[in-house]
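Student: okay, sequence plus prediction incoming.
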Amino acid sequence: MAMRVNEVASPKTLAEAVAFLRRHPQALPCGGCTRLLPDPAFAQKNLSLLSLGWIKELQAINRTDRYIDLGSCVSLNGVLALPNIPALDPLKKALLTIGSASIRNRATLGGNICGRDSFGSAFPALSAMEATVELRSAAGTQWLSIHDLVGQDNLPAIPAGSFLDRVRVPLRDWEHNCIVRKGPGLLPGDTNITLTIVANIEKDAISEIHIVLTGRQLVRNRALEMRLTGKKLPLPAKESENCHHDFLESAVEAGLPAGQAIAVADSVRAFLVDLSGGAS
Ligand SMILES: Cc1cc2nc3c(=O)[nH]c(=O)nc-3n(C[C@H](O)[C@H](O)[C@H](O)COP(=O)(O)OP(=O)(O)OC[C@H]3O[C@@H](n4cnc5c(N)ncnc54)[C@H](O)[C@@H]3O)c2cc1C
């Protein structure tokens, strides 16, 4: 199915990109187009595209001792190639589950974050790592929590008339982390889901834990995370069971098929059991 494209702009500067968006507020910003092209949802639409790949600032990577800024057009392989930054482990693990090496060469981080009808596979890692994002529009730039890109019913909500400039990831190590992919198909969606869990342990207690599941929707049970924070390890079996139950409920509420909801709740429980083994 061929995509119908009305107009394409490939600006070299941020100012030109913003000017194009002002004239065409419905234009879709794009990076590598590896998501747009195979997605049947776009095939039937008349689209104007704003290709961001030529803008130097959006390729930049800048690091301080507290965070790293990744330009929205940095490729997934560009992130994977960054050496010696243990804090990026959960993100890198998530990126390695996406496509093939050649897809990851073309695919951008911004394109993964800004999926319109489902969350890209890197989104839950960035949510768990508490990333922030800088959006640019005709009105200027603004920093938002990555969760501000999650709208009603926990569906993606990328503001029209703007594009993602860069992603800021706190340089904070997550000693315990896991990425679990489930479901058929290439593109994330209703049944193709990614679970990310990151946690730290201090003095034999869980000092922090974030559990994020995405597919078409984002599922995060903050009450459960708060309940686990501060809990002494090893966790009693009853506590792991309660967590399994609570996460299962959240996943079912989000509309996940029962089999998948059970499978992700099983993964949450397995992570907690492992974590208990990690305390000494
Ligand atoms: C074989 C194959 C396997 C794949 N496997 C996976 C997978 O496992 N997990 C997964 O998540 N994806 C997968 N994808 C989809 C895709 O490769 C990735 O999601 C990729 O990261 C998208 O990046 P891109 O630059 O190509 O995005 P694009 O296709 O250019 O854009 C994707 C979406 O993001 C928007 N967008 C892009 N850049 C910006 C920006 N800077 N600001 C605002 N909006 C923007 C676009 O409007 C569009 O809606 C796969 C694709 C293929 C072909």
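Tutor: Perfect, I can see it now.
Student: now the helices for the stretch 151-280 of the chain?
Tutor: For the stretch 151-280 of the chain, applying DSSP state H, counting those that start in this stretch gives helices covering 222-228, 237-253, 258-278.
Student: for this structure, what spans make up the strands?
Tutor: 4-9, 28-30, 46-51, 61-63, 67-71, 132-137, 140-145, 162-170, 176-182, 193-202, 205-214, 218-219 (DSSP state E).
Student: weakest of these by average pLDDT?
Tutor: Per-segment mean pLDDT for those reaches its minimum on strand 4-9, at a mean of 82.
Student: neighbouring strands for it, and are they parallel or not?
Tutor: Strand 4-9 pairs in its sheet with strand 46-51 (parallel), by DSSP bridges.
Student: off-centre distance for the strand it pairs with?
Tutor: 23 Å (C-alpha atoms, centre = their mean, to the nearest Å).
Student: now swap in stretch 249-265 and tell me
Tutor: 19 Å.
Student: buried set for it?
Tutor: 250, 251, 252, 254, 256, 260, 261, 263, 264, 265 (16 or more other C-beta atoms under 10 Å). Any C-beta I mention is one placed from the backbone N, CA and C, and that applies to glycine too.
Student: just stretch 24-32 next, same as before
Tutor: Buried residues in stretch 24-32, counting neighbours by 16+ other C-beta under 10 Å, are found at 24, 27, 28, 29, 30, 31, 32.
Student: can you tell me the closest non-neighbouring residue to residue 56?
Tutor: residue 12 (7.8 Å; C-beta to C-beta, 6 or more residues apart in numbering).
Student: before we move on, what about residue 94?
Tutor: residue 125 (4.0 Å).
Student: what number of residues lie near the one you found?
Tutor: Applying other C-beta atoms under 10 Å, we find 30 other residues in the vicinity of residue 125.
Student: what of residue 6?
Tutor: 12.
Student: and the gap between the most centrally placed residue in the chain and residue 167?
Tutor: For the chain, the residue nearest the mean C-alpha position is residue 123 (0.7 Å; C-alpha atoms, centre = their mean). From residue 123 across to residue 167, the span is 11 Å (C-beta to C-beta, to the nearest Å).
Student: same question for residue 9.
Tutor: Using C-beta to C-beta, we find residue 9 at a distance of 23 Å from residue 167.
Student: other residues contacting stretch 42-51?
Tutor: For stretch 42-51, contacts defined as C-beta atoms under 8 Å, 6 or more residues apart in numbering pick out 1-11, 17, 20-21, 24, 26-30, 33, 36, 163.
Student: hmm, I typed the wrong one, I wanted stretch 238-251.
Tutor: 211, 213, 219-221, 223-224, 228, 231, 260-262, 264-266, 268-269, 272-273, 276.
Student: mind running it again at 7 Å?
Tutor: Here stretch 238-251 makes contact (C-beta atoms under 7 Å, 6 or more residues apart in numbering) with 211, 213, 219, 221, 224, 228, 231, 261-262, 264-265, 268-269, 272-273.
Student: ok, and the most crowded of these?
Tutor: residue 213 (30 neighbours).
Student: so what's residue 7 bridging to?
Tutor: residue 48.
Student: count of neighbours near it?
Tutor: 13.
Student: send the alpha carbons of the worst-scoring helix or strand of the chain on mean pLDDT over as CSV?
Tutor: Lowest on mean pLDDT, DSSP states H and E among the helices and strands of the chain sits helix 40-43, with a mean of 70. This file holds the C-alpha atoms of helix 40-43, laid out as CSV (Å, rounded to 0.1, in the frame of the first residue of the first chain):
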residue,chain,number,x,y,z
PRO,A,40,-1.4,0.7,7.2
ALA,A,41,-2.9,3.4,9.3
PHE,A,42,-1.0,6.0,7.2
ALA,A,43,-1.4,4.4,3.8
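Student: that one near the ligand at all?
Tutor: No: using C-beta under 6 Å from any ligand atom, we find that helix 40-43 stays clear of the ligand, coming within 7.8 Å at best.
Student: distance from the chain centre to that helix, please.
Tutor: On C-alpha atoms, centre = their mean, the centre of helix 40-43 falls 22 Å from the chain's centre.
Student: now do the buried residues in it.
Tutor: Result for helix 40-43 [16+ other C-beta under 10 Å]: buried residues residue 42.
Student: who in the chain is up against the ligand?
Tutor: For the chain, the contact set with the ligand under C-beta under 6 Å from any ligand atom comprises 28-36, 38, 52, 72, 76, 97-99, 103, 107-108, 110-112, 114-116, 120-121, 158, 163-164, 186-188.
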